[in-house]
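# sequence below, structure please.
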Amino acid sequence: METRQRKQRMDLKEEANDSAPDAPSDDGSKMAPPPKDDTPEILKKALKVFAIQVKCFHEIITIGHRYYQTFELPWFRTLSWYFLACANYFFYLEARSELLPDSPVIGFLLKYHRLVSFTFYLIGFIMFVLSLVKKMYKIQFFMFGWTHVTLLIIVTQSHLILTNLFDGMIWLLVPVSMVICNDIMAYMCGFFFGRTPLIKLSPKKTWEGFIGGGFFTVILGWFMSGYLAQFPYLTCSTDFDLGLGVNTQCEVPAIFRPATFEIPLFVQVLLKVVGLKMTTFVTIPFQLHCVVFSLFSSIIAPFGGFFASGFKRAFKVKDFGDIIPGHGGMMDRFDCQFLMATFVHVYMSAIIRVPSPSRLLPMILALKPDDQVWLFEKLKEHLKVGVGIRMNT
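Purely as a prediction, here's the structure:
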């Protein structure tokens with residue numbers, strides 16, 4: 001009996017030692033720590049953006065499906081998701097080809113990417129034509145257009161969000177924060193000072209909230225952008241050679257380094273009136289661009305919310321979904337964000353971004369060897385002329 005009890009105590013002691021974390025062994029060493037999550041942070045955020053895209057698409061299509069289902073017509077939901085897959089295949093395979101493994105199949109898909117994408121689309125198009133039912137043509141074509149407009153609004157703009165993210169997380173973090181700030185401050189200013197209705201689509205929105213939200217958003221954008229610009233982890237673009245990691249040792253782009261700017265003459269005159277004699281000032285160029293972003297997020301981006309409000313009123317629904325208790329669906333939270341992200345991408349492409357060798361390299365590698373040699377010779381001639389000019393000057 002005593003032997004059995006002693007054995008039970010020893011077994012309990014061994015179980016306790018096994019369950020204790022980092023318990024030292026007899027030789028003084030510690031147990032191995034649990035494995036770390038090595039998934040790149042940039043990839044986690046990209047997957048979150050993709051998940052939000054799918055959920056927003058689902059919420060809009062569901063509204064159409066409820067209306068469409070009353071006619072007992074086939075294939076609408078199936079075709080909607082099929083076209084979503086085709087759109088994502090078209091956008092992401094071509095834009096992020098450097099992430100794909102090197103294999104004959106991948107090489108074939110990249111070489112004939114647009115042809116393959118169009119073939120996939122044609123399959124869906126033919127399926128839609130075969131699903132047409134007599135006396136229901138009008139509603140079926142209406143829902144066909146519904147699906148394509150949803151793809152345009154959701155997939156295209158989420159693709160631009162990811163493009164901004166890969167250029168540096170600051171290009172996603174700051175615009176998103178501006179929209180959130182404007183939403184919160186517009187509500188608070190409207191709650192305390194609102195008297196004048198702004199737009200009939202949203203009766204609770206007021207001019208006081210609209211103006212107050214814009215004022216505080218500009219202030220937040222200025223100070224927040226200046227603070228975040230000092231962190232290379234946010235300003236450096238994604239290095240695809242590091243497996244989607246962020247190269248924090250990159251050379252900080254000039255847009256995030258302090259620079260001297262000349263004050264316009266009429267502003268100098270105004271400053272002299274108040275006793276300030278300034279002709280130049282020093283700031284980070286990114287802060288000046290963020291003033292533009294702040295104004296857009298305050299003046300234009302709210303119309304994305306007005307658009308969503310009109311859409312919901314047209315189909316007599318309160319919210320797009322109920323995934324967020326008390327706040328509706330995912331689309332209710334991101335109606336302004338999509339518009340804001342699109343503007344940031346267009347603004348960067350037109351005003352900020354310069355040609356990047358990393359973006360040209362995949363296209364160069366896709367050329368035939370003879371074309372690559374021809375391009376090399378042309379670049380060599382160009383560089384010789386450029387070096388000669390610099391040496392002569």
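# for the stretch 201-350 of the chain, which segments are assigned as helices?
207-228, 232-235, 265-273, 285-299, 302-314, 330-347 (DSSP state H, counting those that start in this stretch).
# out of those, flag the one nearest residue 168.
helix 232-235 (5.2 Å; C-beta to C-beta). Every residue, glycine included, has its C-beta placed from N, CA and C.
# what segments of the stretch 1-150 of the chain are helices?
2-19, 41-69, 76-95, 104-111, 113-130, 137-166.
# okay, the ones you listed in CSV with mean pLDDT next?
Formatted as CSV, the helices of the stretch 1-150 of the chain follow (pLDDT from 0 to 100):
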stretch, mean pLDDT
helix 2-19, 47
helix 41-69, 84
helix 76-95, 88
helix 104-111, 83
helix 113-130, 95
helix 137-166, 89
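# for residue 259, find the nearest of these.
When those are compared by C-beta to C-beta, helix 137-166 sits nearest residue 259, at 22.6 Å.
# tell me how the chain divides into domains.
40-166, 170-249+285-357 (automatic domain parsing).
# distance to residue 263 and mean neighbour count added to the ones you listed, as JSON lines?
Putting the domains of the chain into JSON lines (distance: least, C-beta to C-beta, whole Å; neighbours: other C-beta atoms under 10 Å) gives the following:
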{"stretch": "domain 40-166", "distance to residue 263": "31", "mean neighbour count": "16"}
{"stretch": "domain 170-249+285-357", "distance to residue 263": "12", "mean neighbour count": "18"}
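# okay if I get those as TSV plus distance to residue 385?
Listed next are these as TSV, based on distance: least, C-beta to C-beta, whole Å:
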stretch	distance to residue 385
domain 40-166	31
domain 170-249+285-357	19
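# still on that earlier bit, nearest to residue 88, of the helices of the stretch 201-350 of the chain?
Using C-beta to C-beta, the helices of the stretch 201-350 of the chain put helix 330-347 closest to residue 88, at 15.6 Å.
# quick one on the thing from earlier: compare the domains of the chain and report which one is nearest to residue 277.
domain 170-249+285-357 (21.9 Å).
# in CSV: the helices of the stretch 1-150 of the chain, plus distance to residue 279.
Listed next are the helices of the stretch 1-150 of the chain as CSV, based on distance: least, C-beta to C-beta, whole Å:
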stretch, distance to residue 279
helix 2-19, 71
helix 41-69, 42
helix 76-95, 44
helix 104-111, 54
helix 113-130, 53
helix 137-166, 35
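# now for these, which one comes closest to residue 237?
Of all those, helix 137-166 sits nearest to residue 237, with 6.5 Å by C-beta to C-beta.
# so for residue 172, which of the helices of the stretch 201-350 of the chain sits nearest?
Using C-beta to C-beta, the helices of the stretch 201-350 of the chain put helix 330-347 closest to residue 172, at 7.6 Å.
# other SSEs contacting the closest one?
Helices and strands touching helix 330-347, by 3 or more C-beta pairs under 8 Å, 6 or more residues apart in numbering; DSSP states H and E, are helix 41-69, helix 137-166, helix 170-193, helix 285-299, helix 302-314.
# need the helices of the stretch 201-350 of the chain in a markdown table (columns: distance to residue 372 and mean pLDDT).
Formatted as a markdown table, the helices of the stretch 201-350 of the chain follow (distance: least, C-beta to C-beta, whole Å; pLDDT from 0 to 100):
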| stretch | distance to residue 372 | mean pLDDT |
| --- | --- | --- |
| helix 207-228 | 40 | 95 |
| helix 232-235 | 33 | 87 |
| helix 265-273 | 51 | 86 |
| helix 285-299 | 36 | 95 |
| helix 302-314 | 44 | 89 |
| helix 330-347 | 30 | 90 |
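# would a markdown table of the ones you listed with distance to residue 191 be doable?
Formatted as a markdown table, the helices of the stretch 201-350 of the chain follow (distance: least, C-beta to C-beta, whole Å):
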| stretch | distance to residue 191 |
| --- | --- |
| helix 207-228 | 8 |
| helix 232-235 | 33 |
| helix 265-273 | 34 |
| helix 285-299 | 17 |
| helix 302-314 | 16 |
| helix 330-347 | 19 |
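# select, out of those helices, the one closest to residue 55.
Closest among the helices of the stretch 201-350 of the chain, using C-beta to C-beta: helix 330-347, at 4.4 Å.
# returning to what we had before: closest to residue 352 out of the helices and strands packed on helix 330-347?
Smallest distance to residue 352 across the helices and strands packed on helix 330-347 (C-beta to C-beta): 6.6 Å, for helix 285-299.
# thinking again about what came up before, out of the helices of the stretch 201-350 of the chain, nearest to residue 169?
helix 232-235 (4.9 Å).
# what's the closest one in contact with?
The contact list for helix 232-235 (C-beta atoms under 8 Å, 6 or more residues apart in numbering) reads 168-170, 173, 228-229, 246, 248-250, 252-253, 256.
# swap in 7 Å and give it another go.
Residues from elsewhere that reach helix 232-235, judged by C-beta atoms under 7 Å, 6 or more residues apart in numbering: 168, 169, 170, 173, 228, 229, 246, 248, 250, 252, 253, 256.
# ok, now stretch 203-219?
178, 181-182, 185-187, 189-190, 193-199, 291, 294-295, 297-299.
# related to what we said a few turns ago, would you mind putting the helices and strands packed on helix 330-347 into CSV with distance to residue 346 alongside?
Below are the helices and strands packed on helix 330-347 laid out as CSV (distance: least, C-beta to C-beta, whole Å):
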stretch, distance to residue 346
helix 41-69, 18
helix 137-166, 8
helix 170-193, 12
helix 285-299, 10
helix 302-314, 15
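# wait, which of these is closest to residue 270?
Nearest of the helices and strands packed on helix 330-347 (C-beta to C-beta): helix 285-299, 17.6 Å.
# chain center to that closest one, what's the gap?
17 Å (C-alpha atoms, centre = their mean, to the nearest Å).
# what's the angle between that helix and helix 207-228?
160 degrees (axes from the mean of the first three to the mean of the last three C-alpha atoms, to 10 degrees).
# so what's the spatially most central residue of the chain up against?
Central residue of the chain (C-alpha atoms, centre = their mean): residue 161, 2.3 Å from the mean position. By C-beta under 7 Å, 6+ apart, residue 161 lies in contact with 49, 172, 341.
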